[in-house]
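Participant: coordinates for the following, if possible.
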Amino acid sequence: HSQLQQLAHELFDGIGPRLVGTPQMEKANEWAVAKYTGWGITARNEQWGQWRGWERGISHIDMVYPRTRSLEATQLAWSPGMRNKTVTAELVILPDVEDSLAFQKWLPAVKGKFVMVSMLQPTGRPDYNWQEFATPASFEKMKKERTAQQEAWANRIKRTGYTNRTLPIALEKAGAAGVVGNNWSAGFGVDKIFGAYTKKIPTIDIALEDYGLLTPCPTQHSFSKIPATATSSYSAAGASTDTPAPPRSPHPAASAGPQSAASPPPLNSPSAAPHSSPQSPG
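Facilitator: Sure thing, here's the model as predicted:
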């Protein structure tokens, strides 16, 4: 009799996502050890690297101008929270500047605003859906236009003098209220959620359809406004508060096993996690 469905329910639905450094990761470790023990297999938790603790809280984002609508959005992993405050601010989109000097002149304009840093996808339908329902000519036209759009957006970011990794940090230092993006995974209603690079302001992923709703058209002179509430917790020495990110020196992740004597891996290294190991009978 397969236990797959029950195990999946307990782990995926009960414990949920298990991002490294979160209480859910520790809970999953304890769950795995308990399962092994229940099956008569000796198991224990072992320390595997070091990590700072983080837990996603509430993410609630609305559009209040030019009309009202609740949006589908969530914080990126390790995103700072907003200290239990709701911030309402105008949205601006990354401009298409001539060069990095022009971008530096524009940069002060982000102060107190949410900045959109992702290209708006031309379609929310995956390619297989286009192949099934579109004419070959329209499908090829869409792909050609999408490629040109992706190249243009990559050049837009390049001309700022920053990269996808360093741009959010520059916006944060310039006083932006938050960084807003969309990382569509080429499937119906699905985004990829990776890690935030900001340390004091939230980085938020907004679902494709809603991101398109917020993106101004080329002739539009008025921009949307959104109130955003984003809470998250960093933990250090047992404390957990909705605060900006702590210094980058990592602390040991919770584990029932001995701490590794090896040097700790850098933050955002996938190797930094406690794990459960069944013990060999021998």
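
Participant: rest of the way, CA atoms for contacts and neighbours
Facilitator: Fine.

Participant: chain center to stretch 21-29: distance?
Facilitator: With C-alpha atoms, centre = their mean, to the nearest Å as the basis, stretch 21-29 stands 18 Å off its chain's centre.

Participant: could you do stretch 110-124 as well?
Facilitator: The answer for stretch 110-124 is 14 Å, by C-alpha atoms, centre = their mean.

Participant: in this structure residue 55 contacts residue 232, no?
Facilitator: Yes. At 5.6 Å, residue 55 counts as touching residue 232 under the criterion of C-alpha atoms under 8 Å.

Participant: who's more crowded, those two?
Facilitator: residue 232 (26 against 23; other C-alpha atoms under 10 Å).

Participant: so where does that one fall, helix or strand?
Facilitator: strand 225-236 (DSSP states H and E).

Participant: so where is the stretch 101-250 of the chain shaky, pLDDT-wise?
Facilitator: 217-223, 234-250 (pLDDT under 70).

Participant: strands of that one, start to end?
Facilitator: 114-116, 178-181, 184-187, 190-191, 203-206, 225-236, 239-241 (DSSP state E, counting those that start in this stretch).

Participant: in CSV, list those along with distance to residue 153.
Facilitator: As requested, those are exported to CSV (distance: least, C-alpha to C-alpha, whole Å):
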stretch, distance to residue 153
strand 114-116, 12
strand 178-181, 13
strand 184-187, 15
strand 190-191, 19
strand 203-206, 18
strand 225-236, 23
strand 239-241, 37
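
Participant: quick one, which of these is nearest to residue 142?
Facilitator: Ranking these by proximity to residue 142 (C-alpha to C-alpha) places strand 184-187 first, at 13.8 Å.

Participant: name the residues of that closest one that are buried.
Facilitator: By neighbour count on 16 or more other C-alpha atoms under 10 Å, the buried set for strand 184-187 is 184, 186.

Participant: how about residues contacting it?
Facilitator: 121, 124, 125, 126, 127, 190, 191, 192, 207, 208 (C-alpha atoms under 8 Å, 6 or more residues apart in numbering).

Participant: make TSV out of the residues you listed and add neighbour count.
Facilitator: Output for these, formatted as TSV (neighbours: other C-alpha atoms under 10 Å):
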residue	neighbour count
121	18
124	18
125	13
126	13
127	15
190	13
191	17
192	12
207	20
208	25
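
Participant: format these as CSV; extra columns: distance to residue 6.
Facilitator: Formatted as CSV, the contacts of strand 184-187 follow (distance: C-alpha to C-alpha, whole Å):
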residue, distance to residue 6
121, 38
124, 34
125, 33
126, 32
127, 34
190, 25
191, 27
192, 27
207, 31
208, 33
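
Participant: so which of the residues you listed belong to helices?
Facilitator: 127, 208 (DSSP state H).
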